[in-house]
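**Q** quick one, structure for this:
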Amino acid sequence: MDDFIVAAGVATITDPAFFSNWLDRPDYFEALAASPDPAVTAKKRLVIDFEAELARLVVSGRIDKEIDAVLERFIADDYIQHDPNFPGNGRAALAASFRAMPTPPVADVPAPPVGVMVEEDLVCLLMQKPMPDPADPSSTYDWFIPTVFRVRDGKLTEHWGAFKKGAP
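**A** Purely as a prediction, here's the structure:
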């Protein structure tokens, strides 16, 4: 664990290479989800595992073929979406939104989760991604991306995102 530290529930990534290999690190998932309360750990793992599965689909280019199975595993039938970039409620609308997204370059691994906070049935996931600094192209800055899910009966039932609405 020389490439990350988890303290007080938040990870600090100490090796920049970790941003491209976090998907293959079950030790990271366990450390980030750890809680003295097993119910809290389960909610954290649900959200972390969901984000990791989505990231694996993006990296592998298998969204079209496997998004339905991933969503069935993690998303409730009556899922409610509050992110304007994913219009419509329910699993089918979410799957259609993922299929319509532009495919990022294969080398562009999605941002890893670095913090997961649980308050009753709400789970806030914080992700981090180094981005080129527009003020200084020779350096990067840390972009933090929050997202919130409601969890019921072991499934994600509602989502709020922090992104502005994108162009079609």
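
**Q** CA only for contacts and neighbour counts going forward, please
**A** Fine.

**Q** residues near the closest residue to residue 130 other than its chain neighbours, how many?
**A** Spatial nearest neighbour of residue 130, excluding adjacent residues (C-alpha to C-alpha, 6 or more residues apart in numbering): residue 142 at 4.6 Å. Residue 142 has 12 neighbours, counted by other C-alpha atoms under 10 Å.

**Q** residue 142 contacts residue 133, correct?
**A** No. Using C-alpha atoms under 8 Å, residue 142 is not in contact with residue 133, being 9.1 Å away.

**Q** check which element follows the longest strand along the chain along the chain.
**A** Secondary structure of the chain per DSSP state E: the longest strand is strand 136-152. Counting by DSSP states H and E, the element after strand 136-152 in chain order, helix or strand, is strand 155-161.

**Q** partner strands of that next one and their direction?
**A** With DSSP bridges as the test, strand 155-161 is paired with strand 75-81 (parallel), strand 136-152 (antiparallel).

**Q** who's in contact with that strand?
**A** Strand 155-161 has contacts (C-alpha atoms under 8 Å, 6 or more residues apart in numbering) with 46-47, 73-83, 146-151.

**Q** repeat that for 7 Å
**A** Residues outside strand 155-161 that contact it (C-alpha atoms under 7 Å, 6 or more residues apart in numbering): 74-76, 78-83, 147-151.

**Q** average model confidence for stretch 4-18?
**A** For stretch 4-18, mean pLDDT is 92.

**Q** just the buried positions in it, please.
**A** Buried residues in stretch 4-18, counting neighbours by 16 or more other C-alpha atoms under 10 Å, are found at 4-6, 9-11, 13.

**Q** from the centroid of this structure, which residue is nearest?
**A** Most central in the chain under C-alpha atoms, centre = their mean is residue 51, positioned 3.3 Å from the mean C-alpha point.

**Q** can you report phi and psi for that one?
**A** phi -60, psi -40 (degrees, to the nearest 10).

**Q** how close does it get to residue 139?
**A** As judged by C-alpha to C-alpha, to the nearest Å, residue 51 and residue 139 stand 27 Å apart.

**Q** and what of residue 78?
**A** Distance from residue 78 to residue 139, by C-alpha to C-alpha: 43 Å.
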